[in-house]
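Trainee: Sequence isn't available, so here's the structure alone:
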Ligand SMILES: NC(=O)c1ccc[n+]([C@@H]2O[C@H](COP(=O)([O-])OP(=O)(O)OC[C@H]3O[C@@H](n4cnc5c(N)ncnc54)[C@H](OP(=O)(O)O)[C@@H]3O)[C@@H](O)[C@H]2O)c1
């Protein structure tokens, strides 16, 4: 924990909203401590949301005077809601009093490392825990899509062909789930409720989360790959998880195994995955994330019939911003009371 985080500035703290947020949610933040905080929300100076919970948005198209106004606001910021849309790498310089940024993403390590913000004294808190329900729904969709052979159904329908035959069942199957945090815990409970035998992998020790039948240690991970019907990836992208699933890991899986990635694209070696799908070694895959987003028009992923492809939208739902503001409001109270914040990014762990 950064010491500055637990020590609010003397006097009032200025919170600047740097990405699109509904006015009623801004009001909820103001209501946390109206006598101690000023919340600056200038929608004309930040991107405009294209859909609910869009944290990128269309650029505001500011002229030089508009940019000056925005930089003037940043100079006063003690706390930011989301990274600066205008010059994220210049944050420490443009916001010299900044102590803490509540980011809207769960996996922020990659961005912070790329912008070298992990080397500053600014504290970053992430949105881990917010996306569990929609992501767990996507995982169920993905597994049923693959288990029930939906591509075959669509193909037969397009050919107007009535083809009864045996299909598999999700209940009774075994899933290896990598990551047992905000996402993994909801995925585990949801799959266990459907009768799936869930094996879980994580970095640290601790109580076994609900729904997880067995914890697989990192050293047992490779051999466990051959004992499951599906692999679900829900871990952060770090140096340790870069290409966690490569050619050797894919080869260790039984023929016909399914792979679902809701983590980050580069947790999987995409070239090796494409090869395993094209050869028919894997039974199919579902990706909400790919190594380079947006996916290149000439990627072979587009053409794979046994792949469900989702443009990193599995977690985007109407409820998202309200849940992020729940974390931010709770953290604001903690900050003002000098208590430790939740969801603090740890540069040593990388998540
Ligand atoms: N597709 C989407 O839209 C979407 C949405 C949200 C998140 N994500 C991605 O999913 C990731 C996880 O999100 P979260 O909210 O669950 O984060 P989280 O609460 O921080 O949980 C991360 C989990 O991954 C485990 N982990 C870390 N490194 C690992 C490793 N090397 N091997 C195995 N397990 C490892 C952690 O282990 P410990 O419990 O031991 O710390 C923890 O259980 C995010 O970082 C983000 O990249 C994607």
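Mentor: Right, received. Where do you want to start? Treat the numbers as computed from the prediction; the structure is a model and nothing was measured.

Trainee: Quick check: chain neighbours aside, which residue is closest to the residue of the stretch 151-300 of the chain found nearest the ligand?
Mentor: Nearest residue of the stretch 151-300 of the chain to the ligand, counting by C-beta to the nearest ligand atom: residue 181, 1.7 Å away. Using the backbone N, CA and C atoms, a C-beta is placed for each residue, glycine as well. Excluding the flanking residues, the one nearest residue 181 by C-beta to C-beta, 6 or more residues apart in numbering is residue 128, at 5.8 Å.

Trainee: Please, where are all the strands along the stretch 51-200 of the chain?
Mentor: Using DSSP state E, counting those that start in this stretch, the strands of the stretch 51-200 of the chain run over 79-81, 100-102, 123-125, 174-178, 197-201.

Trainee: re earlier: check whether the residue nearest to residue 181 really touches residue 104, as I assumed.
Mentor: No: contact between residue 128 and residue 104 fails when scored by C-beta atoms under 8 Å: they sit 11.4 Å apart.

Trainee: Tell me which of these two has more neighbours.
Mentor: With neighbours defined as other C-beta atoms under 10 Å, residue 128 and residue 104 compare such that residue 104 has more, 26 against 20.

Trainee: How about the contacts made by the more buried one?
Mentor: Counting by C-beta atoms under 8 Å, 6 or more residues apart in numbering, residue 104 touches 19, 55, 81-82, 127, 321, 324.

Trainee: how about a cut-off of 10 Å?
Mentor: 18-21, 53-56, 81-83, 126-127, 130, 320-321, 324-325, 327-328 (C-beta atoms under 10 Å, 6 or more residues apart in numbering).

Trainee: I'd like to know which of these are buried.
Mentor: Buried by 16 or more other C-beta atoms under 10 Å: 18-21, 53-55, 81-83, 126-127, 130, 320-321, 324-325, 327-328, out of the contacts of residue 104.

Trainee: Out of the residues you listed, name the ones that lie in helices.
Mentor: 320-321, 324-325, 327-328 (DSSP state H).

Trainee: want to try TSV for the residues you listed, with distance to residue 225 as columns?
Mentor: Listed next are these as TSV, based on distance: C-beta to C-beta, whole Å:
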residue	distance to residue 225
320	32
321	37
324	34
325	39
327	34
328	38
